[in-house]
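# My questions are about this predicted structure, shown below with the sequence.
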Amino acid sequence: MTSETVDRVLDTPVHRHRMPDRNFRLWLVFPAVLLLLLIGLFPLIYSLVISFQNLTMLDQDTSFHGLMNYAQLFRDRRLWEAILHTLLITAVALPLELVLGLVMAQLFLDHMPGRQLFIALIVLPTIISPIVAGATWRLMFDQRYGPVNQIISWLTGQQQVLLWTVNPKLVYPAILICEIWQWTPFMFLILLAALSHVDRSQLEAAELDGARFPRIFFKIVLPAIWPVMAIAILIRGVDLVRIFDVIWALTGGGPGTMTETISIYTYIQGFQQFESSYTAAIAFLIVALMSIVVTWAIRRMGLAR
Amino acid sequence: MGLLAKWASMLAVTAFAMSAATGAHAESAAERAVKEAQKYKGQTITIVWEAGLQALDPLNYSGPKWEKLTGIKVKVVEVATAEMFTKIMQEYRAGTGAYDALNVIPSWMPDLAQAGALENLDPYVEKYGFNDELQKIAPTYRDNQMKVNDKIYGFPDDGDVFVFYYRKDIFEDPKTKEEFKAKFNRELAVPKTWAEFDEIGQFLTDKYQPSMYGAAFFRQAPYAQFMFQERFRNEGGKFFDADTMKATINSDIGVKVFTDMRNENKFMPPGVEQWGFTENLAAFLAGQTAMTISWPPYGRWAAGYGKDEEALNWVPKSTISGKVGYALPPGGHPELAAGFALSVASTSKNKDAAYLFIQWLNSEDTSLERVKLPTALRDPFRDSHFTDPGYLKLWPEAKEYLAALEEGSKTGLLDLSLLQTDKYEEVLRQAISKLWAGDDPKAILDEAASQWDAITEKIGVDKQKAVYANWAMKSGAYPK
């Protein structure tokens, strides 16, 4: 049935008679929109309302307190330190995951024996729950039972006491190792798919013209995979800003608050200390900051086109 | 009938009358709870319990037994300790009535009671005649872990107390004793002070390492903060200035305790800073450490009690059975660390049934069975538990073990319990993790004290001062 046939059929009197209300289409999507509003917009608005109140563990004070909680945000040193820690982890982990993922994808582009099996094995960490990954790495780094220090001791020929989850010099490397181990395969998989679709004829032509690998990569490959790569960077970037589980399992945010990220701090304020109104204000600060950053990133990466 | 015969017959009648009267009131609290609960046959009550071994009590023992006796089903919601307060408060705020009965750490009780999450149990105690048996709970727990503002909100149900465990065979080894005496000019004996402990710990490490170290403790911050609370008060420290409510944990005593705690790590096994409950247990049971401090289950497991239980197959086999001595930790006032009380949720829709279940659990009869369960972690908390002939025979050294627990229950120190206690404890946890990371003890405690002051100011100095004064008056707040 062609589109003209469909139009003709629908224009017949019988069908016109059966034609429902012209807003029928809107009614069809209405439940879905309502549901989305309920589960998305309502909590947002409700949180906004709460952020102007003073709900704490002991007080259920729903009177209007103006910008009290928002003013407190600017005096809360621990909050800004948590934001700084989050940015630090993102700034280090994201490029490393990207570069490693790209290198691995490049290596796996060519056919080799057991390629599918290796890809499946490499991707395994991404399907593990981050809290389990964190707990597993905590054991791996354990001085008494963990293999990491045992291997290092074996390699150096003497017992090494490396307190990965205690020593301030080692806690960030420990977190980054775990995070990169788990999420580099995600980058690898996406970039492998992108690289597989780069036009082979262009690459062969460039090689025939004597272009070297770096030039081919930056002039042909990178522009071709950029849209996919940008999405991968964005997804991982947002994930890293939200990082919670791995650090919670590895260090609990310590020593002190040295590895406390914004998600951990928000959780503590909201669900351990029940500072509900202040937590709502933190959430809005994060939403605002993230909206600015993501909008900027989308424009900068050319994803909006 | 002579005068003597008259007196004899009167005495006999009186005795009969008394025995009849006693018989009429001989119904135990457990029996009464069962009888009353049968009215609620067919209902289901939900109880929040600490996840893991603790929960085996209601899952495998008390829950099924209660159902058999009363027809009331017990649904157990297992929650990790660190999440219990959050879950209870969240449910209370949501007001769904999802929980009927609760396990509550006593130091949380002021927060939960003032928030309205706990049911006042006084009317139920009266209604179901539990008062007499409540009085038989060991005084420290009964007088300190049951009430908020003179109202009952929970029944103390776990005699958690820190016990000092040491290797008797090492302490009694003639050669070791001789060497120790030659070096320190005194007998090798259970340390009464932390200075003595440090000497013995270093001495044994020097002599036996790496096969055995002088001592080890759990050092992860959530556990170590209890040890700090204990040592700080044993050394004479006070948490606050009672007049101003300014924190005083950064006093010279606090700094000394912090400094000593870190120095002690040097004679403990490498990496002890990462150790939690299990790591410390494993090392002690494997004979790799000569002294440790922990909760009572260490003593039972070290003796091999319950070793054939499937649920305990994660506990390393004890290599030191029969070689363990029990004592009070140095200072003589052990921390009554954590513990549990049984409460009824104020949002419960089955309050009577829930109450009757916890009365039955906490009663003389049932609690005695529960503290003897090899898999469960409830520790003796009633006077009768410490002298029960059955318990005394559970393993050869059970008598000494129970004596140490009973002594601890008399001299023990309560966890700090204020409004929003977790905020203060969180500061301590962070301070301890900074201590292990190598920061300066004085700087850490100055920062911690300033954070405590900020918390107090936010809550309200006068409000918190009243709560602190109430807590500080309790017999277990500070050493007397």
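Received it, and whenever you're ready, just let me know what you need. Numbering: from 1, shown residues only, chains lettered A, B, ... in the order given.
# Chain B contacts on chain A?
A:57-58, A:142-145, A:159, A:161, A:163, A:165-168, A:252, A:254-258, A:268, A:271-274 (C-beta under 8 Å from any C-beta of the partner chain). For the C-beta atoms, the positions are set from N, CA and C on the backbone; glycine is no exception.
# Contact partners for the nearest residue to B:Leu312 once chain neighbours are set aside?
The shortest distance from B:Leu312 to any non-neighbouring residue, by C-beta to C-beta, 6 or more residues apart in numbering or on different chains, is to B:Gly306 (5.2 Å). Shown in contact with B:Gly306 (C-beta atoms under 8 Å, 6 or more residues apart in numbering or on different chains): B:Arg300, B:Leu312, B:Pro374, B:Thr375.
# Closest one of the residues you listed to A:Pro185?
Lowest distance from A:Pro185 to these (C-beta to C-beta) belongs to B:Leu312, with 38.4 Å.
# Touching, the closest one and B:Pro374? I think so.
Yes - using C-beta atoms under 8 Å, B:Leu312 is in contact with B:Pro374, at 7.0 Å.
# So B:Ser343: helix, strand or coil?
strand (DSSP: H, G, I helix; E, B strand; the rest coil).
# can you list the weak-confidence ranges in the stretch 151-300 of chain A?
Along the stretch 151-300 of chain A, no part satisfies pLDDT under 70.
# Identify the spatial nearest neighbour of the spatially most central residue of chain A, chain neighbours not counted.
Nearest residue to the geometric centre of chain A (C-alpha atoms, centre = their mean): A:Asp239, 1.5 Å. Once flanking residues are discounted, A:Asp239 sits nearest to A:Trp183: 7.3 Å by C-beta to C-beta, 6+ apart.
# Surely the one you found is in a helix?
Yes - counting by three-state DSSP, A:Trp183 falls inside a helix.
# Show me what residue of the stretch 51-200 of chain A gets nearest to chain B.
Residue of the stretch 51-200 of chain A nearest chain B, by C-beta to the nearest C-beta: A:Gln143 (2.6 Å).
# so how far is B:Leu285 from that residue?
As judged by C-beta to C-beta, to the nearest Å, A:Gln143 and B:Leu285 stand 18 Å apart.
# The two - which one has more neighbours?
Taking other C-beta atoms under 10 Å in any protein chain shown, A:Gln143 and B:Leu285 do not tie; A:Gln143 has more neighbours (24 against 21).
# Contacts only, for that one.
By C-beta under 8 Å, 6+ apart, A:Gln143 lies in contact with A:Asn149, A:Val161, A:Leu162, A:Leu163, B:Pro270, B:Gly271, B:Gln274.
# Next, the contact list for B:Ala398, please.
Contacts of B:Ala398 by C-beta under 8 Å, 6+ apart are B:Ala303, B:Tyr391, B:Leu392.
# where exactly do the strands run in chain A?
Here chain A has its strands, by DSSP state E, at A:54-55, A:60-61.
# Run a quick neighbour tally on A:Thr126.
The number of residues near A:Thr126, taken as other C-beta under 10 Å, comes to 16.
# any idea how far B:Ala221 is from it?
Distance, A:Thr126 to B:Ala221, using C-beta to C-beta: 31 Å.
# so how far is A:Trp80 from the closest residue to A:Arg138 other than its chain neighbours?
Excluding the flanking residues, the one nearest A:Arg138 by C-beta to C-beta, 6+ apart is A:Leu250, at 5.3 Å. Computed as C-beta to C-beta, the A:Leu250 to A:Trp80 distance reads 22 Å.
# so who does residue 79 touch?
Using chain A here. By C-beta under 8 Å, 6+ apart, the contact set of A:Leu79 is A:Leu73, A:Ile262, A:Tyr265, A:Ile282.
# I was thinking of chain B, sorry if that wasn't clear
Counting by C-beta under 8 Å, 6+ apart, B:Val79 has contacts B:Val48, B:Trp49, B:Glu50, B:Ala51, B:Lys87.
# And for the residue lying closest to B:Lys323 once chain neighbours are set aside, the neighbour number?
Closest residue in space to B:Lys323, ignoring its immediate chain neighbours: B:Asp169 at 4.4 Å, by C-beta to C-beta, 6+ apart. The tally of other residues near B:Asp169 (other C-beta under 10 Å) stands at 15.
# Also the one 3 residues further on?
Other residues near B:Glu172 come to 12 when the count uses other C-beta under 10 Å.
# Could you pull up phi and psi at it?
phi -100, psi 0 (degrees, to the nearest 10).
# what's the pLDDT at it?
For B:Glu172, the pLDDT comes out at 97.
# ok, now A:Met301?
At A:Met301, the model reports a pLDDT of 82.
# hang on, the earlier thing: ok, residues contacting the helix or strand containing the residue nearest to B:Lys323?
Assigned by DSSP states H and E, B:Asp169 belongs to helix B:168-171. Applying C-beta under 8 Å, 6+ apart, the contact partners of helix B:168-171 are B:Thr176, B:Lys177, B:Leu188, B:Ala189, B:Val190, B:Leu204, B:Met212, B:Ala290, B:Lys323, B:Val324, B:Gly325.
# for those residues, which one is nearest chain A?
Proximity of the contacts of helix B:168-171 to chain A (C-beta to the nearest C-beta) peaks at B:Met212, which lies at 14.6 Å.
# pretty sure A:Ala193 contacts A:Ile225?
No - using C-beta under 8 Å, A:Ala193 is not in contact with A:Ile225; the gap is 9.2 Å.
# and these two? which has more neighbours close in?
A:Ile225 (22 against 13).
# Next up, the contacts around the more buried one.
Going by C-beta under 8 Å, 6+ apart, the list of residues near A:Ile225 reads A:Leu191, A:Ala194, A:Leu195, A:Val198.
# what separates it from chain B, distance-wise?
42 Å (C-beta to the nearest C-beta, to the nearest Å).
# Same question for A:Ile233.
Distance of A:Ile233 to chain B, computed by C-beta to the nearest C-beta: 33 Å.
# can you count the residues close to that residue?
Neighbourhood size, A:Ile233 [other C-beta under 10 Å]: 19.
# Now B:Val324, what are its backbone angles?
Backbone geometry at B:Val324, expressed as degrees, to the nearest 10, gives phi -100, psi 130.
# for the closest residue in space to it that isn't next to it in sequence, what are its contacts?
Leaving aside its sequence neighbours, B:Val324 sits nearest to B:Ala302 (C-beta to C-beta, 6+ apart; 4.6 Å). B:Ala302 makes contacts with B:Tyr165, B:Phe284, B:Leu285, B:Ser318, B:Ile320, B:Ser321, B:Val324, as judged by C-beta under 8 Å, 6+ apart.
# measure whichever residue of chain B sits closest to chain A to B:Leu121 for me?
When scored by C-beta to the nearest C-beta, chain B has B:Gly271 as its residue closest to chain A, at 2.6 Å. Taking C-beta to C-beta as the measure, B:Gly271 falls 45 Å from B:Leu121.
# which of the two has more neighbours?
Legend: neighbour count by other C-beta under 10 Å for B:Gly271 and B:Leu121, higher for B:Leu121 (25 against 21).
# From B:Ala354, how far out is that one?
As judged by C-beta to C-beta, B:Leu121 and B:Ala354 stand 10 Å apart.
# and what of A:Ala297?
53 Å.
# Same drill for these two, tell me which one is more crowded.
Neighbour count, other C-beta under 10 Å: between A:Ala297 and B:Ala354, B:Ala354 has more, with 29 against 15.
# Find the helix or strand that that one is a member of.
According to DSSP H and E, B:Ala354 maps onto helix B:351-362.
# Understood, closing this out.
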